[in-house]
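In: Below are the sequence and a predicted model for it; my questions follow.
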Amino acid sequence: MLEFIYLSVLIGGGATALLDIWARLLKAAFGLPTPNWGLVGRWFAYLPRGRLVHGGGIARSAAVPGELLVGWIMHYVVGMVFAAALLAIWGLGWARAPSFNAALIVGLVTVGAGWFILQPGMGAGIACSKAANPARARMLNIAGHVVFAIGLYGTALLVNWQG
């Protein structure tokens, strides 16, 4: 169990870090805004209060102390949970001999968490349907999760190499 937790944290953290680097590259190359983890933190902070959906948009909900920190922490925790799901399905042996296909499946399936839980909850509609440019937002979501999959695979290779 300890190895499972260790690998979930390491692989998920590494994959999430690559996703953050990707966001910075998109900003530098194309001027795209980086994710607002403060608003994500606000959404997570409202969950224990029983509020899942912010119909008018999360930005209209009252700010929560420490929401930026909560957002960054939850961003990495979610990445670690997704890595744990990969390891739970494919087993710890996957970390010893990773396959990109398994990582890609997890990366693409987890797009659904954003499209059907986070984005509607934050008031952006199902699959970014209320975004200014839904098609662009969806493509960026998919690309980001492919980058996350690359991060899962790459971090597992690095962990395996370190032995």
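Out: Received the coordinates, thanks.
In: Dihedrals phi and psi, Ile142?
Out: phi -60, psi -50 (degrees, to the nearest 10).
In: how many neighbours does Ile37 have?
Out: Actually, residue 37 is Trp rather than Ile. The burial count assigned to Trp37 is 20, neighbours taken as other Cβ atoms under 10 Å. Quick note: C-beta positions are derived from backbone N, CA and C, even for glycine.
In: And for it, nearest residue in space, chain neighbours not counted?
Out: Gly71 (3.3 Å; Cβ to Cβ, 6 or more residues apart in numbering).
In: Contacts only, for Phe44.
Out: With contacts defined as Cβ atoms under 8 Å, 6 or more residues apart in numbering, Phe44 is in contact with 70-71, 74.
In: Show me where the protein has its strands.
Out: Assigned by DSSP state E, the chain shows no strands.
In: centroid residue for it?
Out: Gly79 (5.2 Å; Cα atoms, centre = their mean).
In: related to what we said a few turns ago, which of the contacts of Phe44 fall in helices?
Out: Among those, the residues falling in helices (DSSP state H) are 70-71, 74.
In: between the contacts of Phe44, which has the most around it?
Out: Gly71 leads those on contacts (other Cβ under 10 Å) with 21 neighbours.
In: Gly121 versus the closest residue to Arg42 other than its chain neighbours, what's the distance?
Out: The shortest distance from Arg42 to any non-neighbouring residue, by Cβ to Cβ, 6+ apart, is to Glu67 (4.4 Å). Between Glu67 and Gly121 the computed distance is 15 Å (Cβ to Cβ, to the nearest Å).
In: on that earlier part again, just list the residues touching the residue nearest to the centre of the chain, thanks.
Out: Here Gly79 is in contact with 12-13, 15-16, 19, 148 (criterion: Cβ under 8 Å, 6+ apart).
In: Which of these sits closest to Leu92?
Out: For the contacts of Gly79, the closest approach to Leu92 (Cβ to Cβ) belongs to Gly12, at 14.2 Å.
In: The closest one is in contact with His75, isn't it?
Out: No - using Cβ atoms under 8 Å, Gly12 is not in contact with His75, being 10.6 Å away.
In: Tell me which of the two has more neighbours.
Out: Higher neighbour count among Gly12 and His75: Gly12, with 26 against 17, using other Cβ under 10 Å.
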